[in-house]
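>>> Here you go, sequence then predicted model.
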Amino acid sequence: MPSQLEGERDYCTLLVLNYAELFQGCVQKYVVKNYFYYYLFKFSAALGEEIFYITFLPFIYWNIDHSVSRRMIIIWSIVMYIGQVSKDILKWPRPLSPPVVKLEMRTDAEYGMPSTHAMAATAISFSFFITTMNQYKYPFELGLMAAFVFSTLVCLSRLYTGMHTVLDVIGGALISAVLLVLLYPMWDSIDHVLLTSPFCPLLSIAVPLLLCYNYPKLDYYSPTRGDTTTILGAGAGATVGFWLNNQYVTPAYVGSNTGFPLVTSTTVVLMLARFFVGLLVILLTRQLMKNVVLRVLCYCYMFPIADLDARRRLEVEVPYKFVTYSSVGFTATVIVPLLHELLGLI
């Protein structure tokens, strides 16, 4: 039975590759008849991309609550790792084009089941809702509706852009929901261990690195390993930052957990100042580390910096992505708060 399953998967993979080669020279043309839906779902699709993670998660940490951000980042890392690995184990192809029209091409080389956009949207929106509903005073129905609308928009965007089938999206959302239910009873325990255990920094780096280096191998290059390394790297760097902040006196952004801060013009300006200063530092860190780490790897493995195939090798891609984004995570949780304090933004 296992050999039969593997044979079917190999046949499925071969079919997808042959089909892609057949239509490689074809240029998809489409006419946008409803620009509202077009921009709505293009924007919603971006809510599952790096641009959203690198802005929204730090914003929560700097302006809302440390504990909320910690839980969201941990859940996001776990859910996304399971989703990415599941794709490359199941090897279910994405919808063929034609007949569907694909509005995105970057992730087209990945497999489709489950939709990690659906998983991430469900995990982030509902973990935020679950974490804040007992700490802040706001209407329960409003929070539930916001989480549902957010995750639904991202899920529907994957269908609109032609990147997933209905089954991919439903499967991703359900897997994420099950993981949330299973992990919820352990949230406080996990949080306590990550903040107090002396082994936290070592394990936060070693375990994700081990998972990245032992990522499932494919017959052809796919960006899933690089994306997974990016996520685990960011989570690892942030986790080390959480632990370090707990060991020493750290800048406090919020003083009370009974309700959201009163929204005034001063509060808005302060929050925006924190956000843009922090975002600038994060982007500079990301670009600096990308250049430095890549040049070090080029020197160590003796390949030109423009060699894309060499940069896709396991021994290059994993340290390149991991070191870069762990630096981003650490900067967001340690360096930026210190800078905020120095600038008087706290």
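Thanks, I have it.

>>> Show me the shaky parts of the chain.
Across the chain, residues meeting the criterion (pLDDT under 70) sit at 1-30, 97, 101, 103, 105-109, 249-262.

>>> If we use 50, what do you get?
Residue ranges of the chain with pLDDT under 50: 1-27, 255-256.

>>> ok, Phe129 to Val193 distance?
From Phe129 over to Val193 the distance is 24 Å, taken as Cβ to Cβ, to the nearest Å. The way it works is simple: take the backbone N, C-alpha and C, and place the C-beta from them, glycine included.

>>> show me where the stretch 101-250 of the chain has strands.
If DSSP state E, counting those that start in this stretch is used as the criterion, the stretch 101-250 of the chain turns out to lack strands entirely.

>>> And the helices in it?
Counting by DSSP state H, counting those that start in this stretch, the stretch 101-250 of the chain has these helices, from start to end: 116-133, 140-160, 166-183, 187-196, 200-213, 224-247.

>>> any chance of those helices in JSON lines, plus mean neighbour count and distance to Ala273?
As requested, these are arranged in JSON lines below (neighbours: other Cβ atoms under 10 Å; distance: least, Cβ to Cβ, whole Å):
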{"stretch": "helix 116-133", "mean neighbour count": "25", "distance to Ala273": "23"}
{"stretch": "helix 140-160", "mean neighbour count": "18", "distance to Ala273": "25"}
{"stretch": "helix 166-183", "mean neighbour count": "18", "distance to Ala273": "33"}
{"stretch": "helix 187-196", "mean neighbour count": "14", "distance to Ala273": "28"}
{"stretch": "helix 200-213", "mean neighbour count": "17", "distance to Ala273": "30"}
{"stretch": "helix 224-247", "mean neighbour count": "23", "distance to Ala273": "21"}
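
>>> closest to Ile54 out of those?
Across these, the minimum distance to Ile54, taken as Cβ to Cβ, is reached by helix 224-247, at 8.1 Å.

>>> buried residues in stretch 63-75?
Buried positions in stretch 63-75, judged by neighbour count with 16 or more other Cβ atoms under 10 Å: 63-75.

>>> Tell me the gap between it and the middle of its chain.
Centroid displacement of stretch 63-75 relative to its chain, using Cα atoms, centre = their mean, to the nearest Å, is 14 Å.

>>> Can I get it in CSV? Just the C-alpha atoms.
Output for stretch 63-75, consisting of C-alpha atoms alone and laid out as CSV, is shown next (Å, rounded to 0.1, in the frame of the first residue of the first chain):
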residue,chain,number,x,y,z
ASN,A,63,1.9,49.0,20.9
ILE,A,64,-0.5,46.4,22.3
ASP,A,65,0.9,43.8,24.7
HIS,A,66,4.0,41.7,25.0
SER,A,67,2.2,38.5,26.2
VAL,A,68,-0.2,38.7,23.2
SER,A,69,2.6,39.0,20.8
ARG,A,70,4.6,36.2,22.3
ARG,A,71,1.7,33.7,22.0
MET,A,72,0.9,34.8,18.5
ILE,A,73,4.5,34.3,17.3
ILE,A,74,4.8,30.9,18.9
ILE,A,75,1.5,29.7,17.5
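
>>> hang on, the earlier thing: out of the buried residues of stretch 63-75, which are inside helices?
Among these, the members falling in helices are 63, 66-75 (criterion: DSSP state H).

>>> So which of those residues is the closest to Leu203?
Closest approach between these and Leu203, by Cβ to Cβ: Ile74, at 12.9 Å.

>>> Report the contact partners of the closest one.
Applying Cβ atoms under 8 Å, 6 or more residues apart in numbering, one finds that Ile74 lies in contact with 190-191, 194, 235, 239.

>>> I'd like those residues as a markdown table, with distance to Leu182 appended.
Formatted as a markdown table, the contacts of Ile74 follow (distance: Cβ to Cβ, whole Å):
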| residue | distance to Leu182 |
| --- | --- |
| Ile190 | 12 |
| Asp191 | 16 |
| Leu194 | 18 |
| Gly235 | 18 |
| Thr239 | 20 |
